[in-house]
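K.L.:
Sequence and computational prediction follow.
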Amino acid sequence: MIAILEAHRAGLLARAHWARNIVSGVIVGVVALPLAMAFAIASGAKPEQGLYTAIVAGLLVSLFGGSRLQIAGPTGAFIVILAGITAEHGIEGLQIATLLAGVMLLLLGVARLGAIIKFIPDPVILGFTAGIAVVIWTGQWRDFFGLPAVSGEHFHEKLWHTLQVLPQAHPTTTALAMATLAIVVFAPRVSFLKRVPGPLLGLLFAAIVQALFHLDGVATIGSAFGGIPRGLPTFELPNITADRVIELIGPAFTIAMLGAIESLLSAVVADGMAGTRHDSNQELIGQGIANIAAPLFGGFAATGALARTATNVRNGGSSPLAGIVHAVTLVLVVLALAPLAVNIPLAALAAILFVVAWNMSEAFHVVRMVRRAPPADVVVLLVTFALTVFVDLVVAVNIGVIIATLHFLRRMASSVEVQQQTHQELSREFAHRGLTFPPGVLAFAVEGPFFFGAVENFERALASTRTDPEVLIIRLRWVPFIDITGLQTLEEVIRDLHKRKVRVMLTGANERVKGKLQRAGIGELIGPENLCENLEQALARLNAPATS
């Protein structure tokens, strides 16, 4: 369901709801202003490109997304990935990768694969977001302290070189950055400033100080980028070639994967705050459309922005109208106030990103999970965190998910029980029905999914029988599903037992399992008389010759 149509059907676009959504949209637009520029610069783009991204993506996700509360735009989680792509492939390469990622997101949504993203374990998500936060934080030291450029391809090399040049910090830049950081953190705690976003207050303070005193040696948007042009971007198609597509398909997949994860997490948080329910597939479609369009109008990758979405909910936003107003607010800023951006110090934007990195890290949540979670989950979190920081985000998520999956399979396999049932147990179970349990018959009950991880338990249990019975009954009543490995193992066991002149009977299989047994030829292998609806029917067939 497209969120704006759902909001219309629910009457949320009626005039009575305009005021609070317009107010919320303006507030979110003001919050997005410094963040969009900061994220753009940290990603290797120009500050205005961050604004263009917030405008285009914010508008399209509000119109075509699956959450009526979602606010989209450039986000901190993308910084590490986008900066690497820009450094290697240039800004046009980043835009091509974004466009390709948009197509991937669109296809994911059309294929209705939105729910799959929800299966990424929480330790993996917490690990890579905390890792990204560390990389963002250390990556902003240069602008925060006014340091010279540092070299190094990997995180540890850049960090080491940054520490070496740290004594060369520019005192004025550092003082301005510290003052901005203090305002961003503490100003919202002052009663009469609560309604004004901290990042905006910090940005205005730093820009006004620089405009009044022209502090020597302080880098600004004007000195680094020549300012922000007044006006809206024009449509421009990147130079897309087959070679460029092949070259950028990997980075595009990374953008799509992270964009899907972050946008759906943001939508889930919004649902929890407002009691709504989003459509994950439609949300991916909306994000896909936004990421296809943004690079065509000077922007780059965007996704659902958790902090701005939460701000929208807290300020009364209830429909996509708030997201649309947020985009319009940024348009008015670009048209009317762009020339004033020349005095914004890069140190102030770095201070804002310090706060963003801290919020992203969820440090208290990480510490609590490390202290309280099972050891396997702690390992997954720490491995994902370390790989994100020192290797690569995609490698980190892949390895984290693989470790978590293997651990889950091990626990699933250990929970599958294959137990031999004694004559006394079965005789008591069926005594009231007048059935007897013949001698020379063994029964095994399989409890749990009969999949490749549980095969060893099954084989070990059958091997524990010292002598061959005349009849072996395998009860499948408590088996919810069986996979191809389970089917092949079962077939091998049956053939081996047949060679030893042991009759095999299968009982209690549900329709799904029974269908797989028939398609695999196991029903034909044991004979239709040995595939029984339940154990009672199997015992009746075994007792029939003796009572006839």
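P.N.:
Sure, I can see it. On a predicted model such as this, the values are computed, not experimentally measured, just so you know.
K.L.:
Please make it C-alpha for all contacts and neighbour counts, starting now.
P.N.:
Fine.
K.L.:
ok, Ala83 touching Ile41?
P.N.:
No - contact criterion Cα atoms under 8 Å: Ala83 and Ile41 do not qualify, at 9.0 Å.
K.L.:
So for these two, which residues contact both of them?
P.N.:
Shared contacts of Ala83 and Ile41 (Cα atoms under 8 Å, 6 or more residues apart in numbering): none.
K.L.:
now the strands for this protein?
P.N.:
Assigned by DSSP state E, the chain shows strands spanning 72-73, 303-304, 417-421, 441-447, 471-478, 503-507, 531-532.
K.L.:
Could you list the low-confidence segments of the stretch 51-200 of the chain?
P.N.:
Along the stretch 51-200 of the chain, the model assigns pLDDT under 70 to no residue.
K.L.:
do the same with the chain
P.N.:
If you take pLDDT under 70 as the line, the chain has these spans: 427, 429-436, 465-466, 545-548.
K.L.:
tell me the centre residue of it?
P.N.:
Ile261 (2.5 Å; Cα atoms, centre = their mean).
K.L.:
Who are the contact partners of it?
P.N.:
Ile117, Lys118.
K.L.:
And it, how far from Gly299?
P.N.:
Counting by Cα to Cα, to the nearest Å, the gap from Ile261 to Gly299 is 20 Å.
K.L.:
now do Gly226
P.N.:
Distance of Gly226 to Gly299, computed by Cα to Cα: 18 Å.
K.L.:
same deal with Asp271?
P.N.:
Going from Asp271 to Gly299 by Cα to Cα gives 28 Å.
K.L.:
which one of these two has more residues nearby?
P.N.:
Between Asp271 and Gly299, Gly299 has the larger neighbour count (other Cα atoms under 10 Å), namely 31 against 18.
K.L.:
got the contact list for the more buried one?
P.N.:
Gln49, Gly50, Leu51, Tyr52, Thr53, Val56, Gln95.
K.L.:
Quick one: the residues you listed as TSV, columns for neighbour count and distance to Glu157 too.
P.N.:
Formatted as TSV, the contacts of Gly299 follow (neighbours: other Cα atoms under 10 Å; distance: Cα to Cα, whole Å):
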residue	neighbour count	distance to Glu157
Gln49	24	29
Gly50	29	28
Leu51	31	32
Tyr52	28	33
Thr53	30	31
Val56	27	37
Gln95	30	28
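K.L.:
what sits against Arg410?
P.N.:
Gly453.
K.L.:
So for stretch 317-331, what gets flagged as buried?
P.N.:
In terms of neighbour count (16 or more other Cα atoms under 10 Å), stretch 317-331 has its buried residues at 317-331.
K.L.:
Sorry, wrong one. I was asking about stretch 255-272.
P.N.:
255-271.
K.L.:
what does stretch 14-29 give?
P.N.:
For stretch 14-29, by 16+ other Cα under 10 Å, it's His17, Trp18, Arg20, Asn21, Ile22, Val23, Ser24, Gly25, Val26, Ile27, Val28, Gly29.
K.L.:
Contacts made by it with the rest, please.
P.N.:
8, 308, 311-312, 315-319, 321-327, 329-330.
K.L.:
Using PDB, write out every CA atom in that stretch.
P.N.:
Output of stretch 14-29 as PDB, limited to C-alpha atoms (Å, rounded to 0.1, in the frame of the first residue of the first chain):
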ATOM      1  CA  ALA A  14      -7.900  16.500   5.400                       C
ATOM      2  CA  ARG A  15      -7.500  20.200   6.300                       C
ATOM      3  CA  ALA A  16      -7.900  19.400  10.000                       C
ATOM      4  CA  HIS A  17      -4.500  17.600  10.000                       C
ATOM      5  CA  TRP A  18      -2.600  20.200   8.000                       C
ATOM      6  CA  ALA A  19      -1.300  22.400  10.800                       C
ATOM      7  CA  ARG A  20       0.500  19.800  12.800                       C
ATOM      8  CA  ASN A  21       2.000  18.100   9.700                       C
ATOM      9  CA  ILE A  22       3.200  21.400   8.300                       C
ATOM     10  CA  VAL A  23       4.800  22.400  11.600                       C
ATOM     11  CA  SER A  24       6.500  19.000  11.900                       C
ATOM     12  CA  GLY A  25       7.700  19.200   8.300                       C
ATOM     13  CA  VAL A  26       9.200  22.600   8.800                       C
ATOM     14  CA  ILE A  27      11.000  21.500  12.000                       C
ATOM     15  CA  VAL A  28      12.300  18.400  10.300                       C
ATOM     16  CA  GLY A  29      13.500  20.500   7.300                       C
END
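K.L.:
Centre of the chain to that stretch, how far?
P.N.:
Centroid separation between stretch 14-29 and its chain, computed with Cα atoms, centre = their mean, to the nearest Å, is 29 Å.
K.L.:
likewise stretch 87-101?
P.N.:
21 Å.
K.L.:
That stretch: which residues count as buried?
P.N.:
His89, Ile91, Glu92, Gly93, Leu94, Gln95, Ile96, Ala97, Thr98, Leu99, Leu100, Ala101.
K.L.:
how about stretch 282-289 as PDB, C-alpha atoms only?
P.N.:
Written as PDB, here are the backbone C-alpha positions of stretch 282-289 (Å, rounded to 0.1, in the frame of the first residue of the first chain):
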ATOM      1  CA  GLN A 282       6.300  -0.600  -0.900                       C
ATOM      2  CA  GLU A 283       8.900   1.100   1.200                       C
ATOM      3  CA  LEU A 284      11.700  -0.500  -0.800                       C
ATOM      4  CA  ILE A 285       9.900   0.600  -4.000                       C
ATOM      5  CA  GLY A 286       9.700   4.200  -2.700                       C
ATOM      6  CA  GLN A 287      13.400   4.100  -1.700                       C
ATOM      7  CA  GLY A 288      14.300   2.600  -5.100                       C
ATOM      8  CA  ILE A 289      12.500   5.400  -7.000                       C
END
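K.L.:
Numbering from 874 from now on, please.
P.N.:
Sure, I'll start counting at 874 from here, so that last one is stretch 1155-1162.
K.L.:
Please list the outside residues in contact with that stretch.
P.N.:
Against stretch 1155-1162 from outside (Cα under 8 Å, 6+ apart): 874-875, 930, 933-940, 974-983, 987, 1132-1133, 1136-1137, 1175-1177.
K.L.:
For ChimeraX, what selects the buried ones among these?
P.N.:
Buried residues among these (16+ other Cα under 10 Å), as a ChimeraX selection:
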select :875,930,933,934,935,936,937,938,939,940,974,975,976,977,978,979,980,981,982,987,1132,1133,1136,1137,1175,1176,1177
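K.L.:
Out of the contacts of stretch 1155-1162, which sit inside helices?
P.N.:
Counted as lying in helices by DSSP state H, out of the contacts of stretch 1155-1162, are 930, 933-937, 974-983, 1132-1133, 1136-1137.
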